[in-house]
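Chemist: Pasting a predicted model and its sequence here:
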Amino acid sequence: MDPWGEFSSGGVQVTHFQAMEARPENKNLAIVSGVVRRASFAEYSWAGLKVLPQMIAAVRSDAEGLAIAKAYCLVDKDGLLQGDEKPLELKGGTKTSVRILGFRHDELAAGGIAGISLEFANVSATHRMNPSPINVGGWEKSEMRSWLNEDYFAKLPDDLRPLVEPAWKLTNNVGRVRKENDVSVVRRNADGPDRLWLLSLSEVYGSFSSKDEDKLWSPSTYDAEGAQYQLYESKEVSTTSYSFCKKDGAYSLWWLRSLLVGNSNSFHCVYRDGGWDGWIFADRGWGVSPGFCF
């Protein structure tokens, strides 16, 4: 029996991975569905990576998706992400890098889930969230969101830009929360999905409602903005263990899309030491380190 069955997903013919780890003879398999197996994430071209997210998204379970990632050297031998970086040069000459955040995590605007989600591994630019110190309307109405999805997106390399899949991101798009743990304020953007987006507080640090030591007001409101990405989970990031969150680049603070629910002025960011800070006025020009989906 051929261990590689095929089925159709969304009109796309995808190779279905089946138990490579149980078949030692498959470990040296070089080419499957036109994808040349490389030794690391950094060695793949963007064109070469195009099929892998489709394969990972199309399988029946997260375990099968992770098996594909392992077979193609996107994770380590234990199936964990280690933050391996792929160099990237933006139009205009800025040199940066990206790394995999996780698999089968984000909801695509076109339907289904994203096979791979990625983020910039360092601070690649600086920009303000809004022209004035307000957070009313949240991420959805922010100047930052428009700038990322238009001006900054245009700076991505020509071979990467067409591969980016718009995704729905859940965010407090109202502003100051008057009632503790009000998850009704967390919603999709009414005007459409995002091609580039900032991470949320919970996507980096994990659940806040289960951490008594944080004393964060309205923790469930933050938790509703998304589960922790596999990369940060693999690196055991929490609000008390966060050195992995430090990123190089201008100012070294990087914005999150989560606003401070207790006031109308601020958004959260990741501080210089990797910890989180919520008292950053929206008109400050701090670091930008966006995510995107394949």
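Modeler: Perfect, thanks for sending it. Keep in mind it's a predicted model, so treat the numbers as computed, not measured.

Chemist: can you tell me which residues contact residue 50?
Modeler: 163, 294 (C-beta atoms under 8 Å, 6 or more residues apart in numbering). All C-beta atoms are positioned from the backbone trio N, CA, C, and that covers glycine.

Chemist: what does residue 293 give?
Modeler: Residues near residue 293 by C-beta under 8 Å, 6+ apart: 53, 106, 108, 114, 116-118, 164-167.

Chemist: how deep is residue 170 tucked in, by neighbour count?
Modeler: 19 (other C-beta atoms under 10 Å).

Chemist: What of residue 45?
Modeler: Using other C-beta under 10 Å, the number of residues around residue 45 comes to 12.

Chemist: same thing with residue 240?
Modeler: 10.

Chemist: I'd like the distance between it and residue 254.
Modeler: From residue 240 over to residue 254 the distance is 20 Å, taken as C-beta to C-beta, to the nearest Å.

Chemist: cool, and residue 207?
Modeler: 21 Å.

Chemist: Now restrict the contacts of residue 293 to buried residues only.
Modeler: Taking 16 or more other C-beta atoms under 10 Å as the criterion, what is buried in those is 53, 106, 108, 114, 116-118, 164-167.

Chemist: so what's the closest residue in space to residue 197 that isn't next to it in sequence up against?
Modeler: Excluding the flanking residues, the one nearest residue 197 by C-beta to C-beta, 6 or more residues apart in numbering is residue 169, at 5.0 Å. Residue 169 makes contact with 106, 139, 188-189, 193-194, 197, 200, 226, 257 under the criterion C-beta under 8 Å, 6+ apart.

Chemist: neighbour-wise, which of those leads?
Modeler: Counting neighbours by other C-beta under 10 Å, residue 257 comes out on top of the contacts of residue 169 with 30 neighbours.

Chemist: wait, doesn't that one sit right on residue 197?
Modeler: Yes - counting by C-beta atoms under 8 Å, residue 257 touches residue 197, with 6.5 Å between them.

Chemist: any idea which of the contacts of residue 293 is closest to residue 124?
Modeler: Nearest to residue 124 among those is residue 118, at 12.7 Å by C-beta to C-beta.

Chemist: Does that closest one touch residue 101 like I think?
Modeler: Yes - between residue 118 and residue 101 there is a contact under C-beta under 8 Å: 5.8 Å.

Chemist: now residue 186: how far from residue 171?
Modeler: In this structure, residue 186 and residue 171 are 6 Å apart, going by C-beta to C-beta.
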